[in-house]
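Asker: Provided below are the primary sequence and the corresponding predicted coordinates.
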Amino acid sequence: MMAGAPLEWMNPMAALRMGTNFMHQRQTWRDSDGGRPSFEDAIASDEDSIPMETRPTGEEHAIYEFQRRHLRRPRDARAATDDAESMDSCIHLIAGMATLAAAIGRIRSGRLPIEPDPELGHAANLLYMMTGRRPTPLEERVMDVALILHADHGMNASTFACLVVASTMSDIYFSVDAGIGALNGPLHGGANEEVTRVLGEIGSPDRVPAWYRDARKAGRKIPGFGHRVYKTYDPRARVLAPLAGMMAESNPDCSQMYSTAKRLEDAVVSDLGAEKRIFPNVDFYSGIVYNAMGVPDDLYTVLFAVSRVAGWTARVMEYLDNNRIFRPRSLYIGDFDREYVPMENR
Ligand SMILES: CC(C)(COP(=O)(O)OP(=O)(O)OC[C@H]1O[C@@H](n2cnc3c(N)ncnc32)[C@H](O)[C@@H]1OP(=O)(O)O)[C@@H](O)C(=O)NCCC(=O)NCCS
């Protein structure tokens, strides 16, 4: 499918994005005549047609308000989400991204991709296509739990990116591409790779106190900690932490990483937990779980995308059901009445 592309050295998330673009060539509901957006719809969904004399401080017509259903007109986009073809695109993306992720991992390590085995479930197939061996029931269950935990999570940055693209009545493959781009960043999905990199940098539990002291002195953010919404222990990390511990018991490499992580967690929580309500988030233990299952660390964020695409596509379908283009206003807070200075005089 991606023959000729330099997959061996490409950023794996870029390879995933490229793969979904190839999928786009194959199937999209927008390729059907009935699914094309109309010019009238585009005009009617323009945010500027709504009175906007308000500020984002909670007043009645807040700028960042997404629930004004009563102001929306029915749109053709609904028809697109009703038909089986659009659901096919979602399933195509959910299944296809798992296949792509495994193929990218194998090609990057000089091996040939493996076809999915129709006898296996989604989680087992993902592991099978990555490793070339059928997973144990425990591995399958742990991967399934990890996929469930990462599938959806409110209005996170990548879901929002998907919805913004979908709201222009672009198609779901373009929307998912936007989600992959947003998830890639270290402040979002990329944090799980950073976590295992940092744990490797620390090396062992006894080196945590000195490393942590230096990191704090340098003003470093500790990956895998903190969350915009959770000012408490992320409930997903509560599920993943014991799973990581369980996997570590039978894997000496992972065991060292796990005990280093536990020590780092104690250091961060006793310091930043009390002071700034910073606790482990979902990314802190997910990398350890994947590591124990033999997943290379540069595929962790790709696995996050393989899971989150279920949430992305569900949210896009839901949003298009009553679509309105996202068009936030920005508030100008600079000076007024400034003189224009010609370029040559600046
Ligand atoms: C998730 C995250 C982006 C949330 O960001 P946010 O809500 O904008 O919060 P801020 O970045 O403004 O942080 C608020 C304060 O906590 C501190 N802080 C937040 N996360 C921190 C971390 N992981 N390590 C150290 N300090 C942290 C900030 O330095 C800031 O301190 P200040 O008020 O003294 O300036 C942020 O916690 C972070 O960068 N975490 C590390 C990356 C990560 O794990 N991302 C995955 C999220 S699931």
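Answerer: That came through, no problem. Residues are numbered from 1 along each chain as shown.

Asker: can we go C-alpha only for contacts and neighbour counts from here?
Answerer: OK.

Asker: what residues does the stretch 151-300 of the chain put near the ligand?
Answerer: By Cα under 6 Å from any ligand atom, the residues of the stretch 151-300 of the chain that approach the ligand are 187-188, 191, 221-228, 276, 281-283.

Asker: what's the distance between the spatially closest residue to residue 303 that is not a sequence neighbour and residue 321?
Answerer: Using Cα to Cα, 6 or more residues apart in numbering and skipping residues adjacent in sequence, the residue nearest residue 303 is residue 101, 7.0 Å away. As for residue 101, its distance to residue 321 is 30 Å (criterion: Cα to Cα, to the nearest Å).

Asker: Looking at these two, which has the bigger crowd around it?
Answerer: Using other Cα atoms under 10 Å as the criterion, residue 101 and residue 321 rank with residue 101 on top: 26 against 18.

Asker: How about the contacts made by the more buried one?
Answerer: 16, 130, 299, 302, 303, 306 (Cα atoms under 8 Å, 6 or more residues apart in numbering).

Asker: Just name whatever secondary elements the host helix or strand of the fifth one is in contact with.
Answerer: Element membership for residue 303, per DSSP states H and E: helix 300-320. Contacting helix 300-320 under the criterion 3 or more Cα pairs under 8 Å, 6 or more residues apart in numbering; DSSP states H and E are the following elements: helix 12-26, helix 76-82, helix 84-108, helix 137-150, helix 157-167, helix 172-183, helix 191-202.

Asker: Show residues contacting the first one.
Answerer: Helix 12-26 has contacts (Cα under 8 Å, 6+ apart) with 1-2, 7, 93, 96-97, 100-101, 104-105, 173-174, 177, 180-181, 184, 298-299, 301-302.

Asker: buried residues in it?
Answerer: 12, 13, 14, 15, 16, 17, 18, 19, 20, 23, 24 (16 or more other Cα atoms under 10 Å).

Asker: pLDDT on it, on average?
Answerer: Mean pLDDT, helix 12-26: 86.

Asker: For the helix or strand encompassing residue 258, what is the distance to the chain centroid?
Answerer: Using DSSP H and E, the element containing residue 258 is helix 252-268. Mean-position distance between helix 252-268 and its chain equals 25 Å (Cα atoms, centre = their mean, to the nearest Å).

Asker: Outside of it itself, which residues are in contact with it?
Answerer: 196, 199-200, 202-206, 208-209, 212, 244-245, 247-249, 278-280, 288, 291-292.

Asker: Give the buried residues for stretch 86-103.
Answerer: 86-87, 89-90, 92-103.

Asker: per-domain residue ranges of this structure.
Answerer: Using automatic domain parsing, the domain ranges for the chain come out as 12-185+298-320, 191-292.

Asker: Burial check on residue 209, number of neighbours?
Answerer: 16.

Asker: That one: what's it in contact with?
Answerer: 264, 267.

Asker: try residue 251
Answerer: residue 292.

Asker: quick one: it and the ligand, what's the gap?
Answerer: Separation of residue 251 from the ligand (Cα to the nearest ligand atom, to the nearest Å): 25 Å.

Asker: same thing with residue 199?
Answerer: Distance from residue 199 to the ligand, by Cα to the nearest ligand atom: 13 Å.
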